[in-house]
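K.L.:
this one's sequence-less:
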DNA sequence: GGGCCTGTTGGACAGTTGCGCAATTGACTC
DNA sequence: GAGTCAATTGCGCAACTGTCCAACAGGCCC
């Protein structure tokens, strides 16, 4: 296959691993799968990564970081904290639509057994939570939100979202994404002292 | 190995599978692992189960059903709906303490790829939710709770619990079980029209 | 006791896994 | 052009996987 610079090739491997992982699951992704996806030999992968574990950790990290970047970008297009929050909720709903959330389920399950995966998972979960924290803090500053404990409230909103999304992705028919989004918005309204239904109303004008 | 009756042997296989799964993870549990755990040959397992998938599904089902039974029993010792709810929250906290929740994480990750696991996971998740629904409905009936949508409220309480517990089990240090329990109780108070802090107060008198 | 039923064995089977390594290729410098 | 170095190959290795099956063995009935 075409020769690449080390940087490019490393990236190509991670990209290929992610493509396969989204289809087959993180744990079921093999060296040969990744090589076939790239159209190269399998030996090449071990020329760039010490072990398959590292490849999988890098792939998960990239997937999660990409989602985070998309949501961050969507939020930055707004200045108003409440608009930012709406952008967050809309973006997360879209994330679920992709199979990206399945990668999170795989990562959470593997975390306690694969240190590299756990490190990436912790960092990215905290990053998501901090995204909410910053929004809440600026909302408080501007006097449009009230929240005694932004850190705690962010964990609760994020965790409700994760717990409900989990039902959608793992079990399929029990709940749907729209309902999840509405319920999370409702909790956010309660946590941040917003008028009931105000987030949903604002979201409808965005979509 | 010692001859067993079909019922006993089937149970022994499921027990052994569960023991291995708690240590290695559901997906990484192999026929030979289970056989070694029982001290028998590997062929024996296929004499009782059509496939390894079924063994794993049965193991998960048993683990989850056992937890559910413990919580159900704890709740039945109370008559008052609010006491039942407190028993539920206390029991769930204890469940996390075990490694039982890790099995749930494995099951959720595997659900979309293993039909047998998905069926078991859906059934047991719904059973947990219904446990809450029944409690809420009797609380409404007796006039000690108010809740416009018991089904939806139960999903939200359960999902917050799952999402927060996930952080405890997968990531270890970010949150602790006590905090999770307090936060879930707080959401329950909001959802069910209870006085803030009343559940925690009641729980303290139980412990 | 003999025959039968079935739980149980242990290995064969074909497939897959992560990993290592000698050989090859292509791109670069002198 | 010759020489060099690293990216890339493709196969081999040992270990593992789920599944299957002929053989064995222990308990039960006649």
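P.N.:
Cool, got the structure. In this text, all values refer to a predicted model and were calculated from it rather than measured experimentally. Residues are numbered from 1 along each chain as shown, chains lettered A, B, ... in the order given.

K.L.:
how close does residue A:76 get to residue A:135?
P.N.:
Going from residue A:76 to residue A:135 by CB to CB, to the nearest Å gives 11 Å. Backbone N, C-alpha and C define where each C-beta goes, glycine included.

K.L.:
oops, could you answer that again for residue A:71 instead?
P.N.:
11 Å.

K.L.:
which neighbours do the two share?
P.N.:
A shared contact of residue A:71 and residue A:135, defined by CB atoms under 8 Å, 6 or more residues apart in numbering or on different chains, is any residue touching both; here these are residue A:88.

K.L.:
mind checking which of these two has more residues around it?
P.N.:
Remark: of residue A:71 and residue A:135, residue A:135 carries more neighbours, 24 against 20, as counted by other CB atoms under 10 Å in any protein chain shown.

K.L.:
which residues touch the residue lying closest to the more buried one once chain neighbours are set aside?
P.N.:
With CB to CB, 6 or more residues apart in numbering or on different chains as the measure, residue A:84 is the residue that lies nearest to residue A:135, at 4.8 Å, once sequence neighbours are left out. Contacts for residue A:84 (CB under 8 Å, 6+ apart) come out as A:75, A:78, A:135, A:138.

K.L.:
neighbours around the first one, how many?
P.N.:
If I follow you right, that is residue A:75. Neighbours of residue A:75 using other CB under 10 Å come to 21.

K.L.:
how many residues are close by the residue lying closest to residue A:48 once chain neighbours are set aside?
P.N.:
Spatially, and ignoring its direct neighbours in sequence, residue A:48 is nearest to residue A:10 (5.2 Å; CB to CB, 6+ apart). A total of 16 residues lie near residue A:10 under the criterion other CB under 10 Å.

K.L.:
residue A:170 contacts residue B:104, correct?
P.N.:
No: assessed by CB atoms under 8 Å, residue A:170 is found out of contact with residue B:104, at 10.0 Å.

K.L.:
reformat the contacts of residue A:84 as JSON lines; add secondary structure and distance to DNA strand D.
P.N.:
As requested, those are arranged in JSON lines below (DSSP: H, G, I helix; E, B strand; the rest coil; distance: CB to the nearest atom of the strand, whole Å):
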{"residue": "A:75", "secondary structure": "helix", "distance to DNA strand D": "37"}
{"residue": "A:78", "secondary structure": "coil", "distance to DNA strand D": "42"}
{"residue": "A:135", "secondary structure": "helix", "distance to DNA strand D": "42"}
{"residue": "A:138", "secondary structure": "helix", "distance to DNA strand D": "45"}
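
K.L.:
pick out the lowest-pLDDT one from those residues.
P.N.:
Lowest pLDDT within these is found at residue A:78 (86).

K.L.:
which residues does that one contact?
P.N.:
When contacts are counted by CB under 8 Å, 6+ apart, residue A:78 is found next to A:84, A:86-87.

K.L.:
mind redoing it with 7 Å?
P.N.:
For residue A:78, the contacting residues are A:84, A:87, by CB atoms under 7 Å, 6 or more residues apart in numbering or on different chains.

K.L.:
same thing with residue A:58?
P.N.:
Shown in contact with residue A:58 (CB under 7 Å, 6+ apart): residue A:14.

K.L.:
against DNA strand D, how distant is it?
P.N.:
Residue A:58 sits 16 Å away from DNA strand D, going by CB to the nearest atom of the strand, to the nearest Å.

K.L.:
nearest residue to residue A:156 in space, please, no chain neighbours.
P.N.:
Using CB to CB, 6+ apart and skipping residues adjacent in sequence, the residue nearest residue A:156 is residue B:183, 5.7 Å away.

K.L.:
what's the helix or strand in which that neighbour is found packed up against?
P.N.:
The secondary structure element spanning residue B:183 is helix B:177-191 (assigned by DSSP states H and E). Helices and strands touching helix B:177-191, by 3 or more CB pairs under 7 Å, 6 or more residues apart in numbering or on different chains; DSSP states H and E, are helix B:81-97, helix B:150-171, helix B:198-206.

K.L.:
flag whichever of those helices has the least confidence on average.
P.N.:
Ranked on mean pLDDT, the bottom entry among the helices and strands packed on helix B:177-191 is helix B:198-206, at a mean of 76.

K.L.:
any weak-confidence spans in chain A?
P.N.:
Within chain A, the set of residues satisfying pLDDT under 70 comprises A:1, A:94-99, A:206-207.

K.L.:
what's in contact with the helix holding residue B:183?
P.N.:
Residues lying outside helix B:177-191 but in contact with it, judged by CB under 7 Å, 6+ apart, are A:156, A:190, B:85, B:89, B:93, B:96-97, B:147, B:153, B:156-157, B:160-161, B:164-165, B:168, B:196, B:198-200.

K.L.:
looking at residue A:170 and residue B:104, which one has more neighbours?
P.N.:
Residue environment comparison for residue A:170 versus residue B:104 gives the larger neighbour count to residue B:104, 26 against 23, counting by other CB under 10 Å.

K.L.:
so what's the residue count around the closest residue to DNA strand D within chain A?
P.N.:
Residue nearest to DNA strand D within chain A (CB to the nearest atom of the strand): residue A:43, separated by 2.1 Å. For residue A:43, the count of nearby residues is 9 (other CB under 10 Å).

K.L.:
so, in contact with DNA strand C or not, whichever strand or helix holds residue A:19?
P.N.:
With the criterion set as DSSP H and E, the secondary-structure element containing residue A:19 is helix A:6-24. No: shown here: helix A:6-24 not in contact with DNA strand C (CB under 7 Å from any atom of the strand), separated by at least 8.6 Å.

K.L.:
kindly report the same for stretch A:117-129.
P.N.:
No: Stretch A:117-129 does not reach DNA strand C (CB under 7 Å from any atom of the strand); its nearest approach is 14.1 Å.

K.L.:
for residue A:180, grab the count of nearby residues.
P.N.:
Around residue A:180 there are 25 other residues, counting by other CB under 10 Å.
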